[in-house]
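K.L.:
Just need the structure, nothing else, for what follows:
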Amino acid sequence: MARRITYRDSGVDIDAGDRLVDYITGAAKTTFGAKGVLAGIGGFNAAFALPAGYKEPVLVSCTDGVGTKLKIAFELKKHDTVGIDLVAMSVNDLICCGAKPLFFLDYFATGKLSLKDAKEAMRGIVKGCRISRCALIGGETAEMPDFYQKGEYDMAGFAVGVVEREKMIDGRNIKPGDKVIGLASSGLHSNGFSLTRRLFKKSEWKKFKEELLEPTRIYTDIIMRLISKYKIKGIAHITGGGLFENPPRILPKGTGIRIKKGTWPVPGIFKEVQKRSGLPDKEMFRTFNMGIGMVLVVPRSQAKAVLRAAGRSVRAYLIGDVVKGKQAVELA
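P.N.:
Purely as a prediction, here's the structure:
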């Protein structure tokens, strides 16, 4: 008689997966808030009721991952901060049109499930959702033997928000003379790590742990507050492509942006990266955020007020102007 081979024998531990789901279900409830969630983690789907008060609500969705920053988390066995990164990368895109985050879903895949590592990652996701003021209402955990290297996993995130159609921020009213404000990043965020990991030896990762694993700043509160009081014409999340390739995505034809170097302090980690890589300024600015995580375009008349208001929550700087041009960024 042939020996019985179970799913666990093939590398998939259903019991461990169930324990993780139980943990996530409990943790996710802390992100639900008072309204919205009709059905959450545990069923075949999740349900969320649109909030009242919108005349013509538009749903907005975003998805992203953490990228090779995860390699550093694996090596240093620190998994909670990358969960925050996962939420931030989607939610920060979401709020660029003025959308209010409603809920978040995650996908976590690994070769062999480590409850300890997965719980740490989920703690970060829950924290990111709390900061973003959105509910973690669903997701998927996949255990796929032989697909990932031992001790490694991948994550993807999905955020959904809502905005009143007439209040959507799309950059169409941007014009020459408008001012460009930069909101400080918390550091590298989650971009440029394929290069960064080559520049810093594994033996140095522990020494630079704080700089390398500092989680991506989440801008939900400050953006929601600013758009409720001021005329914010355009918002750009500075991710891959840096300050050269992201702001042009919100510019109408016939306009460009002139950014003035030296108008904000560049964090030391970027200077170290440039020193080790030998990259010229232009390449640094199109690979990394260089200390600016969000760019806002505002009317000249409101620039000082926006700077003061933003500065109560995060460092904000007047970094440039909108000029006549071809939907591009010029460094001055």
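
K.L.:
And the strands in the stretch 151-300 of the chain?
P.N.:
153-164, 179-184, 234-237, 255-259, 292-298 (DSSP state E, counting those that start in this stretch).

K.L.:
same check, this time on the stretch 1-150 of the chain
P.N.:
Going by DSSP E, counting those that start in this stretch, the stretch 1-150 of the chain shows strands at 37-39, 47-48, 57-65, 100-110, 135-143.

K.L.:
how about JSON lines for those, with mean neighbour count and mean pLDDT added?
P.N.:
Where you see a C-beta, it was placed from the backbone N, CA and C, and this is true even at glycine. Converted to JSON lines, those look like this (neighbours: other Cβ atoms under 10 Å; pLDDT from 0 to 100):
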{"stretch": "strand 37-39", "mean neighbour count": "15", "mean pLDDT": "66"}
{"stretch": "strand 47-48", "mean neighbour count": "16", "mean pLDDT": "84"}
{"stretch": "strand 57-65", "mean neighbour count": "17", "mean pLDDT": "95"}
{"stretch": "strand 100-110", "mean neighbour count": "22", "mean pLDDT": "94"}
{"stretch": "strand 135-143", "mean neighbour count": "21", "mean pLDDT": "88"}
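
K.L.:
With Phe193 as the reference, name the closest of those.
P.N.:
Ranking the strands of the stretch 1-150 of the chain by proximity to Phe193 (Cβ to Cβ) places strand 57-65 first, at 11.6 Å.

K.L.:
how about that closest one as PDB, C-alpha atoms only?
P.N.:
The C-alpha atoms that make up strand 57-65 are tabulated as PDB, following Å, rounded to 0.1, in the frame of the first residue of the first chain:
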ATOM      1  CA  PRO A  57     -18.600  59.600  -5.600                       C
ATOM      2  CA  VAL A  58     -15.700  58.300  -7.700                       C
ATOM      3  CA  LEU A  59     -13.900  55.200  -6.500                       C
ATOM      4  CA  VAL A  60     -10.100  55.400  -6.900                       C
ATOM      5  CA  SER A  61      -7.800  52.300  -6.700                       C
ATOM      6  CA  CYS A  62      -4.000  51.800  -6.500                       C
ATOM      7  CA  THR A  63      -1.700  48.800  -6.200                       C
ATOM      8  CA  ASP A  64       2.000  48.500  -5.500                       C
ATOM      9  CA  GLY A  65       4.600  46.400  -3.700                       C
END
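
K.L.:
Now do that strand against strand 153-164, angle only.
P.N.:
On the basis of axes from the mean of the first three to the mean of the last three Cα atoms, to 10 degrees, strand 57-65 is oriented at 160 degrees to strand 153-164.

K.L.:
next one: strand 57-65 to chain centre, how far?
P.N.:
12 Å (Cα atoms, centre = their mean, to the nearest Å).
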